[in-house]
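> could you look at this predicted model? Sequence included:
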Amino acid sequence: MFTSPLSCAKRMTWSLVALAILCVACAQTSLATSTNTVIARPTATLNGWGNNAHVGAYEEGQNQGFNWGLNNDTTYPYTNVSSATDTSTTTYAYSGYQHTHKYSGCVYTFSAVAPSGRARFLKIDSQVPPNGTDGFVVNQRSAGVWYSLNGGSTWVQVYNSASRARTVDSIALSSTQNLAQLQVMVFADSHDDMYHKVFDINVSEVVNTVTGYINPKYVVLGVTYAPPGPNSNVTYSNSNFVGSTATTTDSFSTGVTVSVSTTNASSTKIDAWGITGSTAVEDTTSQSADFSQTTTNTNSFTVSKKSTVSYLTAGTGDAFNPVNHDYDTIWIWLNPLLIYTVDTDVPTSITWNGYGYDKNDIPGIDKFGVQVGWLNGHFGSNPSINTVLARGWVTANEPTLVWPAGQGPGLTSTDIANILLADPFASGSYVLPSPLPTTSADHRYTQVLFPPNPVNYVQSGPGNGGGTTTMYNTENINSSTVGQGTTQKFTQTFAIEQKLSTTIFFSTITTDLKVSNTISLTHGLDSSLTTTATQTNALSVTGPGCPQTSPPCSPLYAGPGEFIVYQDNQYGTFMFYPSN
């Protein structure tokens, strides 16, 4: 028996990757952050040098008349020079000559890094320790740090001191500074005892970002296909293969860089988001019990069902006409949020932070399954379904959301038409050629292995009015190669709250979009389909019955006796096609 879309939705088990938005969206406010990001670390290219071999402004602490590179003494190397260029702030390069008059020096150079438009800083973490540190005697002379912006032609002193507490010196650089011309020199004069420690040298950028979210009406989670016959069903359980992969990159103009990254400490959570004051806030204590999300590559997200969740899809409505895709179910997420972070210094840099959910609806992901026949009108109009798709909770709980002209929180006929695109068979014109291909020309469907193919669908003998039931195992297959190229783009419009329409988050988002107030998500190969997995007795097929106790059966079934099971490479579900 067909289970109502609402109750099915509450038991649904899905895996999806940043799925189709198919919706009109409303935007919310944003959270500003500022972080320092290391973009370059140098290499020690000259560690110690011979007489008059290096031009440098040293000996300025104790002027002995040598000036720029005229010292005819040998300059000795620092020890562990790479410790000043690793990622640790506890290790260090050092000079520690004792009871001798020796100079020591090291020059670090950088490689070029293309300008980003952000402010850059040369940072040097160093110390001239007090006497007795680490057992070293420190007196008389000095140690210091210099830097050059022109490849060593001229030098600027940071410090040259006989004693200096550990300090991170930060030197502002021009955003256009050629880092290949940037050099750092450390130098010590140990006449007779000196100790100099250099913990870290790097170039950092200050990254100023603002995070916010938009409120789409819905996201298409996937499609489950009805097996032949009203007493048949297919179950998805103990698996996270069901789902799809999507990217938002195509929404943005050429020249805009879109990356992906989660915002929470545990990258698998799908959390609730809301507004506190005028800031978008992630509620890490409220998360989906059914779904998790991960990044799968540089531009897409995977959202996976938890393996403890199970979902059943019933068969078609007429045992004697078993091919009817009006009984396929399209699953819709009705309270999704899309999280984005924009770079305020580099407005062409956008980060998609995946999904959240709007807890103004329910405390979790509001997933709702609707049969194609209710969406295309073949089953008529259903008041209970229409009420759910109207999303009245938005009007009641979020009245400040402002939608474009002709739009509102409820799904429109245009939205429904877009949703139907998720199931190619909903159009009535999608067919597979004869003989049936292993993989469809558009890479959407691939035949699964035997078993279960082929699946028998035959009428039972006289006296069995309920039909004969056969149980089959189902097996998801690795379609990472054959499924490449399957895509479906869904485009939406979105709006913002009136009071937030001037924020930098929204001005940046709307400027970077190809078309103002529209965003697209493109479905591709479900990236979780990289291995095989079997579910035991997951497919139950019951053919037509024959209530008569003696032949002939009436009616007599004359339809297809075998069906071929295909895997939907976008959603990881199984589609049933009559055999040739």
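Arrived safely. Small disclaimer: the values here were computed from a predicted structure and weren't measured.
> SS state for Val370?
strand (DSSP: H, G, I helix; E, B strand; the rest coil).
> tell me the contacts of it?
Pro5, Thr329, Ile330, Trp331, Ile332, Ile385, Leu389 (C-beta atoms under 8 Å, 6 or more residues apart in numbering). (Each C-beta comes from the backbone N, C-alpha and C, glycine too.)
> how about Asp169?
By C-beta under 8 Å, 6+ apart, the neighbours of Asp169 are Lys123, Ile124, Asp125, Ser126, Val145, Val158, Tyr159.
> just checking, next helix/strand downstream of the helix or strand harbouring it?
Here Asp169, judged by DSSP states H and E, is contained in strand 164-173. Sequence order places strand 183-189 as the next helix or strand after strand 164-173, per DSSP H and E.
> report the buried residues of that next one.
Within strand 183-189, the residues that count as buried by 16 or more other C-beta atoms under 10 Å are Gln183, Val184, Met185, Val186, Phe187, Ala188, Asp189.
> what about the contacts of Asp169, which one has the most neighbours?
Ser126 (26 neighbours; other C-beta atoms under 10 Å).
> name the nearest residue to that residue, ignoring sequence neighbours.
Using C-beta to C-beta, 6 or more residues apart in numbering and skipping residues adjacent in sequence, the residue nearest Ser126 is Val198, 4.6 Å away.
> hang on, the one you found is in a helix, isn't it?
No: the assignment for Val198, made by three-state DSSP, is strand rather than a helix.
> burial of it, as a residue count?
25.
> what are the boundaries of the strands in the stretch 351-500 of the chain?
Secondary structure of the stretch 351-500 of the chain (DSSP state E, counting those that start in this stretch): strands at 367-371, 445-447, 455-456, 469-476, 488-496.
> what distance separates the strand holding Asp169 from the middle of the whole chain?
Relative to the mean C-alpha coordinate of its chain, strand 164-173 is positioned 36 Å out (C-alpha atoms, centre = their mean, to the nearest Å).
> now render the contacts of Asp169 as CSV, adding pLDDT, distance to Pro551 and secondary structure.
Below are the contacts of Asp169 laid out as CSV (pLDDT from 0 to 100; distance: C-beta to C-beta, whole Å; DSSP: H, G, I helix; E, B strand; the rest coil):
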residue, pLDDT, distance to Pro551, secondary structure
Lys123, 98, 90, strand
Ile124, 98, 95, strand
Asp125, 98, 92, strand
Ser126, 98, 97, strand
Val145, 94, 100, strand
Val158, 94, 101, strand
Tyr159, 93, 104, strand
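> how about the residues you listed in a markdown table, adding distance to Thr316?
A markdown table is the format used below for the contacts of Asp169 (distance: C-beta to C-beta, whole Å):
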| residue | distance to Thr316 |
| --- | --- |
| Lys123 | 67 |
| Ile124 | 72 |
| Asp125 | 70 |
| Ser126 | 75 |
| Val145 | 77 |
| Val158 | 78 |
| Tyr159 | 81 |
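> and of those, the nearest to Asp512?
Asp512 has its nearest neighbour among these in Lys123, at 30.8 Å by C-beta to C-beta.
> mind listing the residues bridging to the closest one?
Beta bridges link Lys123 to Ser170, Asn202 when assigned by DSSP bridges.
> in this structure it contacts Glu205, no?
No: counting by C-beta atoms under 8 Å, Glu205 is not a contact partner of Lys123; they are 10.8 Å apart.
> of the contacts of Val370, which one scores lowest on pLDDT?
Among these, Pro5 carries the weakest pLDDT, at 35.
> show the contacting residues for the residue nearest to Ser126.
Contacts of Val198 (C-beta under 8 Å, 6+ apart): Tyr78, Ala84, Tyr92, Ala93, Tyr94, Ile124, Asp125, Ser126, Val145, Val186.
> out of the residues you listed, who's nearest Ala417?
Asp125 (59.8 Å).
> list the contacts of that closest one.
So Asp125 contacts Thr89, Arg166, Thr167, Val168, Asp169, Val198, Phe199, Asp200, Ile201 (C-beta under 8 Å, 6+ apart).
> most surrounded residue in those?
Within the contacts of Asp125, neighbour counts (other C-beta under 10 Å) peak at Val198, which reaches 25 neighbours.
> and that one, how far is that from Leu182?
Per C-beta to C-beta, to the nearest Å, Val198 is found 16 Å from Leu182.
> what do you get for Gly410?
58 Å.
> what's the answer for Tyr457, then?
In terms of C-beta to C-beta, Tyr457 sits 73 Å off from Leu182.
> determine which two of the contacts of Val370 are furthest apart.
The widest separation within those (C-beta to C-beta) is 14.2 Å, between Thr329 and Leu389.
> Throw the contacts of Val370 into a markdown table and include distance to Gln371, thanks.
Shown next, in a markdown table, are the contacts of Val370 (distance: C-beta to C-beta, whole Å):
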| residue | distance to Gln371 |
| --- | --- |
| Pro5 | 7 |
| Thr329 | 5 |
| Ile330 | 8 |
| Trp331 | 11 |
| Ile332 | 12 |
| Ile385 | 9 |
| Leu389 | 13 |
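> of those, which is the nearest to Val565?
Closest to Val565 out of the contacts of Val370 is Thr329 (17.0 Å), distances taken as C-beta to C-beta.
> quick check: bridge partners of the closest one?
Residues in beta-bridge contact with Thr329 (DSSP bridges): Thr224, Gln371.
> for Trp49, same thing?
Applying DSSP bridges, one finds that Trp49 bridges with Thr75.
> so it is in contact with Ser104, correct?
No: contact criterion C-beta under 8 Å: Trp49 and Ser104 do not qualify, at 10.3 Å.
> for the two, list the residues in contact with both.
In contact with both Trp49 and Ser104: Thr75, using C-beta under 8 Å, 6+ apart.
> the more surrounded of those two?
Looking at Trp49 and Ser104 with other C-beta under 10 Å, you find the greater number of neighbours at Ser104, namely 25 against 18.
> in space, what's closest to the more buried one - neighbours in sequence excluded?
Closest residue to Ser104 apart from its sequence neighbours, by C-beta to C-beta, 6+ apart: Ser95 at 4.0 Å.
> so that neighbour touches Gly144, yeah?
No: here Ser95 does not reach Gly144: they are 11.0 Å apart, not a contact under C-beta under 8 Å.
> now the common contact residues for the two.
Residues touching both Ser95 and Gly144 (C-beta under 8 Å, 6+ apart): Val186, Ala188.
> circling back to that earlier point, distance of the residue nearest to Ser126 from Thr474?
Noted for Val198: a distance of 62 Å to Thr474, by C-beta to C-beta.
> can you pull out the strands in the stretch 151-300 of the chain?
Under DSSP E, counting those that start in this stretch, the stretch 151-300 of the chain gives strands at 156-161, 164-173, 183-189, 196-216, 219-224, 233-236, 245-247, 257-260, 271-276, 279-287, 291-295, 300-305.
> which neighbours does the first one have in its sheet, and in what orientation?
Read that as strand 156-161. Counting by DSSP bridges, strand 156-161 is paired with strand 143-148 (antiparallel).
> hmm, who's touching stretch 74-88?
Residues outside stretch 74-88 that contact it (C-beta under 8 Å, 6+ apart) are 41-44, 47-51, 53-54, 91-97, 102-106, 108, 186-188, 196, 198-202.
> buried residues, that stretch. List them.
Those buried within stretch 74-88 under the rule 16+ other C-beta under 10 Å are Thr75, Tyr76, Tyr78, Val81, Ser83, Ala84, Thr85.
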